[in-house]
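Novice: Just need the structure, nothing else, for what follows:
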Amino acid sequence: ASRIAGGRPHLCICHATDVRWLSKLPGRRLIARQIAKGATSMWFLSRTLRDQFLATAGLDPSSMSAHVGPMPIDAPTALAEPRAELRRRLGIEGFTLLFLGRLVPVKGPDQLLLAVSQLPDPVSLRIAGDGPERGRLLEQARRLGIDATFEGWVAGERKEALLRACDAIVVPSRAKDGLPTVLFEAKARHLPIIATAAGAIAEQIHGEPDSVVVPVDDVAALGRAIDRLRTQRFGAQPTRG
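Specialist: Coordinates of the predicted model:
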């Protein structure tokens, strides 16, 4: 894209996957330098990603114009239905978690399914997003006996309704994830967040009320955080006989 631009002003946006794959390419230093030279400015979702790009390119920070910060999000929109009506329309009952993102390994949806399967009391899931792992995740949810509804890719009113109707959002990212936009969508709607300490996630939700950060790849800790929030919202469940 930097080559095609032919000197025309353009912004190069670098997500975690972009920087990670660039660092593995043959000729990566030359490619990275061409990108930096061609772009009017570069946008990185975290300082870690910026530093990784600079290391790949072998460049000094002063050699390019760079912005560090989260991607912009759509502002919350008003919905005609109150939350109780939204939940009824969407078929949501009881404590329900939302996963919103690409169905790829780095986003950790498989770990969320495993954590929910190990909870002492049932928790429902809404999995919003699509990707190459969808079939495998559907089979995993079926095998584990989880109440998981796969929404597919969502946008507009459907996405807004899920963010308003679910009780919390879970961001179970693995170590190489960067800074998921969904964190800021959840914060804008005051939705409780349970997330791993991947990338720049911890620094972005530190001090946020009703938000918890757990270690990366720790399914047990993820499950405990979910169970604590469920108990806070719905109280202790009757002992099963």
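Novice: Mind listing what's buried along the helix or strand in which L137 is found?
Specialist: Here L137 sits within helix 134-144, counting by DSSP states H and E. Within helix 134-144, the residues scored as buried using 16 or more other Cβ atoms under 10 Å are 134, 137, 140-141. All C-beta spots, glycine's among them, are computed from the backbone N, C-alpha and C.
Novice: what's downstream of that helix, the next helix or strand?
Specialist: With DSSP H and E, the next secondary element past helix 134-144 is strand 148-152.
Novice: Give the other helices and strands that that following strand contacts.
Specialist: strand 124-128, helix 134-144 (3 or more Cβ pairs under 8 Å, 6 or more residues apart in numbering; DSSP states H and E).
Novice: Point out where this structure drops to low pLDDT.
Specialist: 234-241 (pLDDT under 70).
Novice: Would you reformat the helices and strands packed on strand 148-152 as CSV and include distance to I13?
Specialist: Converted to CSV, the helices and strands packed on strand 148-152 look like this (distance: least, Cβ to Cβ, whole Å):
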stretch, distance to I13
strand 124-128, 23
helix 134-144, 25
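Novice: Among these, which comes closest to R158?
Specialist: strand 124-128 (8.2 Å; Cβ to Cβ).
Novice: Strand partners (parallel or antiparallel) of that closest one?
Specialist: strand 96-100 (parallel), strand 148-152 (parallel) (DSSP bridges).
Novice: Could I get the CA-only coordinates of that strand as PDB?
Specialist: What follows is strand 124-128, C-alpha atoms only, in PDB (Å, rounded to 0.1, in the frame of the first residue of the first chain):
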ATOM      1  CA  SER A 124     -24.700 -18.900  29.200                       C
ATOM      2  CA  LEU A 125     -22.500 -17.600  26.400                       C
ATOM      3  CA  ARG A 126     -23.200 -15.400  23.300                       C
ATOM      4  CA  ILE A 127     -20.300 -15.800  20.900                       C
ATOM      5  CA  ALA A 128     -20.400 -12.900  18.400                       C
END
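Novice: Over to the most centrally placed residue in the chain: give its phi and psi.
Specialist: Central residue of the chain (Cα atoms, centre = their mean): P180, 4.1 Å from the mean position. Dihedral pair for P180: phi -60, psi 130, per degrees, to the nearest 10.
Novice: All set, thanks.
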